[in-house]
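Q: Generate coordinates for the sequence data below:
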Amino acid sequence: MLVRSSCLCLRPTRHFSATLEIRESRISASSVVEAKGISKSFKNQRVVDDLSFEVPSGSVFGLLGPNGSGKTTTIRMVLGLIQIDSGEASILGKRVKLGDAKALEKVGCLIEGPGFPGHLPGAEAVARLAIARKVSRRKSMALAEAAIAKVGLSSAAGKPVKSYSLGMKQRLGLAQALLFPRELYILDEPTNGLDPSGMKEVREIVGQLAKEGSTVLLSSHLLGEVEAICSHIGIMKAGQMLSIGRISDLVASALPELIVGVQRSEVAAEVAKAMYPDAEITITGPDLLSLVGNGVDSAQLNERLIAEGFRVHSLIPSRRSLEDVFVSLTGEGFGVR
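A: You can find the predicted model right below:
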């Protein structure tokens, strides 16, 4: 049988060899956030479905998934902002209950779009949180100005919030989360609305928080952002956790790929299939072939193809990426990177 499609997989297998078992084997014994079988439905629609995960102390943990995968709902349940239908969650060893502010005393948060009174200057809007905690106005303003400087908003600190762009408001929300030193920071889509330079600054801020010993839990639909910032990751889809662990472990668990440049790739694919029946073989172009799987020997394949009259242009081992892992687990890619 000849392969007729230019992008046909001869054997639909996953590129990823270790999925849910990583949930048990890669999590630190010291967990700052823990969710056990939490679920949530809205209007009889299950948004989060029996979700369990742990955030190791000192990690930068990313909840990664497309918009609508349940990340924000998960974070809101973990923080006690909405009722958990079933299961339980804890932060810093304390079980979270709806509206329990004590559980959040050591947590800095940025959840969904930040909201501030439009008439207040940015610094005063941020300082309100410290003032509400009975910190003197002078010290509150000093804390606010320091936090605003960290996110690059000093030049706009005296301007009313209503004049801020979406990206500036996002920075202001991040400044509020950074107002006090915290053991844990929970940031929901922290780079939303930011330009590339702003995203880079957020990455640097998160990295500094980790260096200072804090744990960070953030959510994002941007795969590149998570890969650049996070040490650990939980991949979500449709309210479920598909895999969890260190990013390095997840990527290392992906099966190796060999890219073959060869004439008559459709016919060459049949030869490769006969040699490696367990590999996933994909025709990626008129003269390109992809083999994914263990045991594929480039020298052996090259020798066989040449012996059968094929002209081989190249044999290139390809490093598997986090995107490959995500696609292998979910069967889909990200529209935005």
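
Q: how about the strands in the stretch 1-150 of the chain?
A: Remark: strands assigned in the stretch 1-150 of the chain by DSSP state E, counting those that start in this stretch are 31-42, 45-56, 60-64, 86-91, 94-95, 107-110.

Q: which of the ones you listed is buried the deepest?
A: Across the strands of the stretch 1-150 of the chain, averaging neighbours per residue (mean count of other CB atoms under 10 Å) puts strand 60-64 on top, at a mean of 27. All C-beta atoms are positioned from the backbone trio N, CA, C, and that covers glycine.

Q: Show me what it packs onto, helices and strands only.
A: For strand 60-64, the helices and strands in contact under the criterion 3 or more CB pairs under 8 Å, 6 or more residues apart in numbering; DSSP states H and E are helix 71-78, helix 196-211, strand 215-220, helix 223-229, strand 232-237.

Q: Helix 196-211 and the third one, what's the angle between them?
A: With axes from the mean of the first three to the mean of the last three CA atoms, to 10 degrees defining the directions, strand 215-220 sits at 150 degrees from helix 196-211.

Q: in its sheet, what does strand 215-220 sit against?
A: Using DSSP bridges, the strands paired with strand 215-220 are strand 60-64 (parallel), strand 184-188 (parallel).

Q: Out of the strands of the stretch 1-150 of the chain, which is closest to Ile247?
A: Nearest to Ile247, of all those, is strand 60-64, at 8.2 Å by CB to CB.

Q: contacting residues around that closest one?
A: For strand 60-64, contacts defined as CB atoms under 8 Å, 6 or more residues apart in numbering pick out 33, 55, 71, 74-75, 206-207, 210, 215-221, 223, 226, 229-236, 326.

Q: secondary structure class for Lys169?
A: Here Lys169 takes the helix state, with states given by DSSP: H, G, I helix; E, B strand; the rest coil.

Q: hang on, isn't it packed against Leu194?
A: No. Using CB atoms under 8 Å, Lys169 makes no contact with Leu194, being 10.5 Å away.

Q: picking up where we left off before, please list only the buried members of the contacts of strand 60-64.
A: By neighbour count, with 16 or more other CB atoms under 10 Å, the contacts of strand 60-64 hold 33, 55, 71, 74-75, 206, 210, 215-221, 223, 226, 229-230, 232-236, 326 as buried.

Q: Secondary structure of Arg182: a helix, I assume?
A: No. Assignment of Arg182 by three-state DSSP gives coil, placing it outside any helix.

Q: Pairing partners for the spatially most central residue of the chain in the sheet, please.
A: For the chain, the residue nearest the mean C-alpha position is Leu64 (3.1 Å; CA atoms, centre = their mean). With DSSP bridges as the criterion, Leu64 is bridged to Ser220, Ile235.
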